[in-house]
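Peer 1: Generate a structure from the sequence data that follows.
(one chain, ligands or ions: 1)
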Amino acid sequence: MKTALVCGAGGFIGSHLVKRLKREGFWVRGVDLKFPGFAETEADDFIVADLRDQSVVERVIDRSFDEIYQLAADMGGAGYIFTGEHDADIMHNSATINLNVADRAYKRNNKRIFYSSSACMYPAYNQEDPENPNCVESSAYPAAPDSEYGWEKLFSERLFLAYNRNYGMVNRVARYHNIFGPEGTWQGGKEKAPAAICRKVALAANNGEIEIWGDGAQTRSFLFIDECIEGTIRLTRSNFEGPVNIGSEEMVTINQLVDIVADIAGKKIHKNHIPGPTGVRGRNSDNRLIEEKLGWAPGATLRAGLEKTYAWIEAQIRSNSAGNKSAA
Ligand code: NAD
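Peer 2: The predicted structure is shown next:
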């Protein structure tokens, strides 16, 4: 039986990845500071522990796994990573996890680690024009990410590739672009734009108003979770090390994103633009390299993913308010 380790298995992408690996027949160990928030883990073995601690990482990587997925990171949406208030924690926590995992995996004779970098590592100077952002993989240097989160990702992708160069590992690096879907954080401050907008629209009355950070003219693309998992697995098992974008090329403004969600909800929604952290003006995935190297790229529409996500968030809100009523 093949074995896999998923670091960050209590998180959004990690918990979906565990399900996929189980469907494929893997024996899966998950590790995270916490269990998944919205469903029971399907991992065969789930260790609740802190990967910043070297002795924990020694216990977790006690063998040679067929595949290791390193998704654990101190992360959140714009309200967490772009305010500057969490920079030291983000850099220290995520870099420590990556240093520990890369080295221990190598020492226990593991060969293949997938590492999730982020489109946030692309230089800010290529993302000032919302109509024409440049996120081709080769545009990464001269480096100038707009957040410390992005700088840490850049450091860590280089770390995993250095182990390939010097120690004969076959680590794989992807740069994810805004992944969304059911069973992701949708409230509390760490949620990202699609989930936050679905929540605000679901809570608003027809003809109601929701708050949007900035003017809403900044552009982004959003990738549905199932396609993220597909790309992750394909890259991990391929003979291309990356870094490569895993994202959607369907670019929209945040205002358009609100309009799509409002349409799905069947509501007329007014936008109240307020000051808030927004990140770069434009960002879109460039899928030429993934198509060339893997013969695959995501194809589903943004709307199809938003329909599933909106339905899930609406159900969460309903069951929360039912719970509150029965507790009252
Ligand atoms: P997430 O926050 O849901 O999952 C990350 C998990 O790491 C969390 O469950 C968290 O508890 C865990 N973790 C944090 N510190 C830890 C520690 N010290 N020890 C053990 N576990 C720890 O995030 P996600 O959306 O599932 O993202 C997974 C990875 O993909 C992250 O590395 C993230 O930076 C990257 N990424 C995600 C997106 C996206 O849009 N979701 C975009 C770009 C990159």
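Peer 1: does Asn272 count as helix, strand or coil?
Peer 2: When classified by DSSP: H, G, I helix; E, B strand; the rest coil, Asn272 comes out as strand.
Peer 1: show me the contacts for it.
Peer 2: For Asn272, the contact set (C-beta atoms under 8 Å, 6 or more residues apart in numbering) comprises Glu209, Ile210, Glu211, Ile212. In this view, the C-beta of every residue, glycine as well, is placed from N, C-alpha and C.
Peer 1: what's the burial count for the first one?
Peer 2: By other C-beta atoms under 10 Å, the residues close to Glu209 number 12.
Peer 1: cool, and the third one?
Peer 2: For Glu211, the number of neighbouring residues by other C-beta under 10 Å comes to 11.
Peer 1: Bridged to it, which residues?
Peer 2: Asn272 (DSSP bridges).
Peer 1: Surely it touches Ile274?
Peer 2: Yes: Glu211 lies in contact with Ile274 (C-beta atoms under 8 Å); the separation is 5.0 Å.
Peer 1: so Arg175 makes contact with Asn245?
Peer 2: Yes: counting by C-beta under 8 Å, Arg175 touches Asn245, with 5.1 Å between them.
Peer 1: These two: which has the busier surroundings?
Peer 2: A side-by-side neighbour count of Arg175 and Asn245, using other C-beta under 10 Å, places Asn245 first with 29 against 24.
Peer 1: Can you name every helix or strand that the one helix or strand that one maps to contacts?
Peer 2: Following DSSP states H and E, one finds Asn245 within strand 244-246. The elements that strand 244-246 packs onto, with contact taken as 3 or more C-beta pairs under 8 Å, 6 or more residues apart in numbering; DSSP states H and E, are strand 172-176, helix 225-236, helix 288-294.
Peer 1: Buried deepest among these, which one?
Peer 2: strand 172-176 (a mean of 24; mean count of other C-beta atoms under 10 Å).
Peer 1: That strand versus helix 225-236: what angle between them?
Peer 2: 150 degrees (axes from the mean of the first three to the mean of the last three C-alpha atoms, to 10 degrees).
Peer 1: on contacts alone, who are the packing partners of strand 172-176?
Peer 2: In terms of contacts (3+ C-beta pairs under 8 Å, 6+ apart), strand 172-176 is packed against strand 113-118, helix 148-167, helix 225-236, strand 244-246.
Peer 1: Would you mind identifying the next helix or strand past it?
Peer 2: Toward the C-terminus, strand 172-176 is succeeded by strand 179-180 as the next helix or strand (DSSP H and E).
Peer 1: where's that following strand relative to the chain centroid, distance-wise?
Peer 2: 6 Å (C-alpha atoms, centre = their mean, to the nearest Å).
Peer 1: what about that strand and the ligand, any contact?
Peer 2: Yes: residues of strand 179-180 are located near the ligand by C-beta under 6 Å from any ligand atom, namely Ile179.
Peer 1: ok so Lys267 is a strand residue?
Peer 2: No: assigned with three-state DSSP, Lys267 falls outside any strand and is coil.
Peer 1: Tell me who's in contact with it.
Peer 2: Val201, Ala204, Ala205, Asn206, Asn207, Gly208.
Peer 1: what about the residue of the stretch 1-150 of the chain found nearest the ligand, how many residues close to it?
Peer 2: Taking C-beta to the nearest ligand atom, the ligand has its nearest neighbour within the stretch 1-150 of the chain at Gly11, 2.0 Å off. Neighbour count for Gly11, taken as other C-beta under 10 Å: 24.
Peer 1: and what of Cys7?
Peer 2: Neighbour tally, Cys7, other C-beta under 10 Å: 30.
Peer 1: thinking it is in contact with Arg52, fair?
Peer 2: No: assessed by C-beta under 8 Å, Cys7 is found out of contact with Arg52, at 11.6 Å.
Peer 1: joint contacts of these two?
Peer 2: Applying C-beta under 8 Å, 6+ apart, one finds that Cys7 and Arg52 are jointly contacted by Ile97.
Peer 1: So which of the helices and strands packed on strand 244-246 is nearest Arg281?
Peer 2: Evaluated over the helices and strands packed on strand 244-246, closeness to Arg281 peaks at strand 172-176, with 18.7 Å, by C-beta to C-beta.
Peer 1: Show residues contacting the closest one.
Peer 2: With contact meaning C-beta under 8 Å, 6+ apart, strand 172-176 is reached by 13, 112-119, 121-122, 137, 153, 157, 160-161, 223, 228, 231-232, 235-236, 238, 240-247.
Peer 1: If you go by neighbour count, which of those are buried?
Peer 2: Buried by 16 or more other C-beta atoms under 10 Å: 13, 112-119, 121-122, 137, 153, 157, 160-161, 223, 228, 231-232, 235-236, 238, 241-247, out of the contacts of strand 172-176.
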